[in-house]
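Student: Generate a structure from the sequence data that follows.
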Amino acid sequence: MNKTAGFEWLEKGWHYLSTAKLLHQCNHYTDIIGVELHYSIEICLKAILAYDNQPIKKTHELYDLYLLVSDQIDLNDDEIALILMATKYHILEAYPTRDRQLPPEEEIKPILEFADQLFERICTLLNISIHEIKSKPN
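Tutor: Modelled structure (predicted):
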């Protein structure tokens, strides 16, 4: 168990998540929000590996990361569908493509809610204070 490493990864995950939340509140571009959400979910899943002193797989495929920690956190089919969609944001939205449409708000909002819940679930799982992460100065 490496609580310090878990905390550091979750703190970084919170940075991405809180950025996505702020951008969403400002009605910012959904492609950018999607990339931030992807990174938040990725980093939070990797926090479980860091906490357990496991190697951190160098991948952005969220489902692959989930499989590495699925013995500790259980996602239902709807949540798995959300991580598959969030993976698409990293792959498709991070770079310009011709005639690309922004992800619709109706697609972003459930991923934002899921990422927030996942962050809290993983903090609880690792016995790391959500308040301590959120109140840490910039």
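
Student: Now do the contacts for Cys123.
Tutor: Counting by Cβ atoms under 8 Å, 6 or more residues apart in numbering, Cys123 touches 10, 129-130, 133. (Glycine included, C-beta is placed from N, CA and C.)

Student: and those residues, which of them are in helices?
Tutor: Judged by DSSP state H, helices contain the following of the contacts of Cys123: 10, 130, 133.

Student: any idea which of those residues has the most stuff around it?
Tutor: Leu10 (27 neighbours; other Cβ atoms under 10 Å).

Student: Asp64 versus the residue nearest to that residue when sequence neighbours are not counted, what's the distance?
Tutor: Of all residues not flanking Leu10 in the chain, Ala47 sits nearest, at 4.7 Å (Cβ to Cβ, 6 or more residues apart in numbering). Separation of Ala47 from Asp64 (Cβ to Cβ, to the nearest Å): 16 Å.

Student: can you tell me which two in the contacts of Cys123 are farthest apart?
Tutor: With Cβ to Cβ as the measure, no two of the contacts of Cys123 lie farther apart than Leu10 and Ser129, at 9.8 Å.

Student: for the helix or strand where Leu65 lies, the distance to its chain's centre please.
Tutor: Leu65 belongs to helix 62-69 when assigned by DSSP states H and E. Here helix 62-69 is found 12 Å from its chain centre; the criterion is Cα atoms, centre = their mean, to the nearest Å.

Student: Tell me which helix or strand in this structure has the weakest average pLDDT.
Tutor: None of the helices or strands of the chain scores lower by mean pLDDT, DSSP states H and E than helix 77-93, at a mean of 87.

Student: what angle separates the next helix-or-strand element following that helix from helix 77-93?
Tutor: Downstream of helix 77-93, the first helix or strand assigned by DSSP H and E is helix 105-125. Interaxial angle, helix 105-125 versus helix 77-93 (axes from the mean of the first three to the mean of the last three Cα atoms, to 10 degrees): 110 degrees.

Student: next one: helix 105-125 to chain centre, how far?
Tutor: The answer for helix 105-125 is 7 Å, by Cα atoms, centre = their mean.

Student: what about the host helix or strand of His38, average pLDDT?
Tutor: His38 belongs to helix 30-51 when assigned by DSSP H and E. The pLDDT scores in helix 30-51 average 96.
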